[in-house]
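Q: have a look at this prediction, sequence included:
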Amino acid sequence: MALKVINEGKEILTDPCHFFELNKFCSDQGVDLTFEWIQGQYWLHSDRPKELPIGIEVDATLKRHEEFFKKSSLQKELLARAVGVKGAHRPTVVDLTAGLLGDALLLLSFGCEVIAVERNPVIRFLIQSALLNSTHPKLKKFQFIEGSALSVLETSPPSQVAYFDPMFEDTNDKASPRKEMRIFRQLLGQDTDASEVFSKLKNLPFKRLVVKRPRHSISLGQHPDVEYIGKSTRYDVYFSHQND
């Protein structure tokens with residue numbers, strides 16, 4: 001099993017440690033991965049030939065969110081309500097499962113300060129590449145940390161809000177998963193330490209803990225204090241003993 005890089009970028013990510021880590025991941029997991037340098041950053045080829053590669057368009061995503069919120073109220077956004085956006089208040093949020101930054105960039109577009117954490121080397125590589133290719137001013141409020149949720153929680157002081165989106169098996173098997181989710185489920189599997197992370201989070205002095213779940217999925221560990229329920233997604237909110 002091997003790592004393949006097409007049109008290797010010469011301007012960024014030249015540290016050989018990045019590629020050494022990815023090579024080791026391919027060997028350990030028994031997978032073939034192909035990255036391609038496209039317009040200033042790396043993209044991951046899909047496992048299906050006709051599908052477009054996977055990457056993170058940070059600037060474009062933030063601009064798209066900005067345009068959307070010029071016409072739509074933040075209070076209509078379940079995630080904004082779940083993390084405690086209200087009036088002029090914008091909490092600091094630590095996103096412990098950054099993934100492809102979908103929720104992290106949405107939180108950033110709300111005006112929150114965001115600390116994003118990711119442990120998987122493949123996803124970290126895509127994040128690092130995308131961030132180095134981005135210039136949006138909102139990134140001044142963004143910090144990316146390489147590592148596991150547990151290691152970060154042990155060494156970093158808590159922020160106001162913890163956001164946790166574990167990958168579980170009890171998803172809707174009747175619906176075809178998005179390309180990115182299908183590929184990363186194959187690469188990552190389930191978050192087998194999700195219960196451990198949740199227990200750790202519950203014992204830390206966050207003002208609130210937000211857990212993202214499929215709408216009809218079971219709660220993680222215990223019943224939440226508040227639920228924000230959308231068409232396919234539910235946000236379970238747990239308050240600390242120190243009330244908001």
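A: All right, it came through fine.
Q: which of the three states applies to the nearest residue to residue 146 once chain neighbours are set aside?
A: Of all residues not flanking residue 146 in the chain, residue 124 sits nearest, at 5.5 Å (C-beta to C-beta, 6 or more residues apart in numbering). Every residue, glycine included, has its C-beta placed from N, CA and C. Following DSSP: H, G, I helix; E, B strand; the rest coil, residue 124 is assigned to helix.
Q: burial check on residue 48, number of neighbours?
A: For residue 48, the neighbour count with other C-beta atoms under 10 Å is 9.
Q: state the distance from it to residue 182.
A: When distance is defined by C-beta to C-beta, to the nearest Å, residue 48 is 9 Å away from residue 182.
Q: do the same with residue 108
A: To residue 182, residue 108 is 26 Å away according to C-beta to C-beta.
Q: ok, back up a step: neighbours of the residue nearest to residue 146, how many?
A: Neighbour count for residue 124, taken as other C-beta under 10 Å: 20.
Q: go on, the one 4 residues further on?
A: Residue 128 has 20 neighbours, counted by other C-beta under 10 Å.
Q: so it is in which element?
A: Using DSSP states H and E, residue 128 maps to helix 121-132.
Q: same for that helix, what does it pack against?
A: If you count contacts as 3 or more C-beta pairs under 8 Å, 6 or more residues apart in numbering; DSSP states H and E, helix 121-132 packs onto helix 16-29, strand 41-44, strand 113-118, strand 142-146.
Q: if we go to 7 Å?
A: Applying 3 or more C-beta pairs under 7 Å, 6 or more residues apart in numbering; DSSP states H and E, one finds that helix 121-132 makes contact with helix 16-29, strand 41-44, strand 142-146.
Q: so the last one versus helix 121-132, what angle?
A: Here strand 142-146 runs at an angle of 150 degrees relative to helix 121-132 (axes from the mean of the first three to the mean of the last three C-alpha atoms, to 10 degrees).
Q: quick one: mean pLDDT for strand 142-146?
A: Average pLDDT, strand 142-146: 95.
Q: same thing with the shortest one?
A: Confidence over strand 41-44, taken as the mean pLDDT, stands at 93.
Q: for the next helix-or-strand element following it, packing partners?
A: The C-terminal neighbour of strand 41-44 among helices and strands, as given by DSSP H and E, is helix 58-69. If contacts are counted by 3+ C-beta pairs under 7 Å, 6+ apart, helix 58-69 sits against helix 102-110.
Q: could I get the buried residue list for the helix it packs on?
A: Using 16 or more other C-beta atoms under 10 Å as the test for burial, helix 102-110 gives 103-110.
Q: could you do stretch 47-61 as well?
A: Burial within stretch 47-61, assessed by neighbour count using 16+ other C-beta under 10 Å, is assigned to 54-58, 61.
Q: before we move on, what about stretch 88-97?
A: By neighbour count on 16+ other C-beta under 10 Å, the buried set for stretch 88-97 is 90-97.
Q: gap between the two ends of that stretch?
A: 26 Å (C-alpha to C-alpha, to the nearest Å).
Q: who touches that stretch?
A: 83-84, 103-104, 107, 110-117, 149, 159-166, 197 (C-beta atoms under 7 Å, 6 or more residues apart in numbering).
Q: again with stretch 57-76
A: Stretch 57-76 is contacted from outside by 80-81, 85, 101, 105-106, 108-110, 130-131, 134-136, 138, using C-beta under 7 Å, 6+ apart.
Q: next up, the contacts around the most centrally placed residue in the chain.
A: Centroid-nearest residue in the chain: residue 98, 2.1 Å away (criterion: C-alpha atoms, centre = their mean). Going by C-beta under 7 Å, 6+ apart, residue 98 touches 104, 116-118, 127.
Q: now for those: which two are most distant?
A: By the measure C-beta to C-beta, 117 and 127 form the most distant pair in the contacts of residue 98, at 10.4 Å.
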